[in-house]
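Peer 1: predicted coordinates and the sequence they were generated for:
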Amino acid sequence: MSAARLAVDPLAAARRLLGATLSCRGVDATIVEVEAYGGVPDGPWPDPAAHSYRGPTARNAVMFGPPGRLYTYRSYGMHICANVVCGPDGTAAAVLLRAAVIAGGQELVRVRRGVAVPDVALARGPGNLCSALGITMEDNGIDLFDPSSPVRLRLGGPLAAQAGPRVGVSQAADRPWRLWAPRTPEVSAYRRSPRAPAPGASD
DNA sequence: CACCCGATGGTCT
DNA sequence: GACCATCGGGTGG
């Protein structure tokens, strides 16, 4: 069972997901940018920026379940973002999929994303990635390693990784839990949250 | 390039 | 009623 390789801390899981292949509804994509997220204050990886920080709710329930499942959520009322749940069952943690290189099914991606979008931007950014692969809220909670699932994950050889602060979070803004493949134009640009304290402040 | 801002709706206080 | 794990189009240098 490949999901067992994700039953680790979120940063280690993030490293294993860089270079992995995500397949969904006719499209194959190589993951090139991810962000690690932890859990509750008294858990092993307390993370004020994580959806799971304040305990289980209807939205984040999947994060507390077994590793290898897909956790999707709606962002700013209009975009879908996708995570891979990691850590052991019962412990909240997940890795946000931020960008990918389209390796197959590019024609389908063009239909979903539009003809004007440059190749490198087809799955750049978490909302765009889900749009490109056709991932919706219907997919929340599915097992990424079940052959019958519409969204599948294949772990590959880990890629070289560069690390830096996470994009868009106002809490724990400087924690270097964003990983990306160096010199890869498909990786999204860094944007600090306008609500985050000045760089250098503590977690 | 660098900001800046509006769209838009679920979730949680 | 505030707060977003975003995006793309606008403005100005």
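Peer 2: Received the coordinates, thanks.
Peer 1: list, one by one, the residues from chain A near DNA strand B.
Peer 2: A:51, A:54, A:57-60, A:74, A:76-78 (Cβ under 7 Å from any atom of the strand). Backbone N, C-alpha and C define where each C-beta goes, glycine included.
Peer 1: between which two of the residues you listed is the distance greatest?
Peer 2: Based on Cβ to Cβ, the longest span within the residues of chain A next to DNA strand B runs between A:Arg54 and A:Met78 and measures 23.5 Å.
Peer 1: so those two - more neighbours on which side?
Peer 2: Legend: neighbour count by other Cβ atoms under 10 Å for A:Arg54 and A:Met78, higher for A:Arg54 (11 against 7).
Peer 1: so that one is in which element?
Peer 2: Per DSSP states H and E: A:Arg54 is located in neither a helix nor a strand.
Peer 1: ok, and the closest non-adjacent residue to it?
Peer 2: In space, A:Arg54 comes closest to A:Val40 once its chain neighbours are excluded; the distance is 7.8 Å by Cβ to Cβ, 6 or more residues apart in numbering.
Peer 1: tell me the spacing between that neighbour and DNA strand C.
Peer 2: Applying Cβ to the nearest atom of the strand, to the nearest Å, the value for A:Val40 to DNA strand C is 12 Å.
Peer 1: also A:Cys86?
Peer 2: 11 Å.
Peer 1: what's stretch A:43-53 in contact with?
Peer 2: A:9-10, A:37-41, A:59-60, A:63-64, A:73, A:87, A:91-94, A:166, A:169-173, A:175, A:203 (Cβ atoms under 8 Å, 6 or more residues apart in numbering).
Peer 1: among these, which are in helices?
Peer 2: A:Pro10 (DSSP state H).
Peer 1: got a quick ChimeraX command for the buried subset of the contacts of stretch A:43-53?
Peer 2: Applying 16 or more other Cβ atoms under 10 Å to the contacts of stretch A:43-53, the buried members can be selected in ChimeraX as follows:
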select /A:10,37,38,39,40,60,63,64,73,87,91,92,93,94,166,169,171,172,173,175
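Peer 1: got the residues of chain A near DNA strand C?
Peer 2: A:35, A:37, A:49-52, A:60, A:63, A:71, A:75-79, A:81, A:83, A:94, A:96, A:117, A:121, A:125-129, A:166-171, A:188, A:191, A:193, A:195.
Peer 1: any of these buried? List them.
Peer 2: If we count by 16+ other Cβ under 10 Å, the residues of chain A next to DNA strand C have these buried: A:35, A:37, A:49-52, A:60, A:63, A:71, A:81, A:83, A:94, A:96, A:117, A:121, A:125-129, A:166-169, A:171, A:188.
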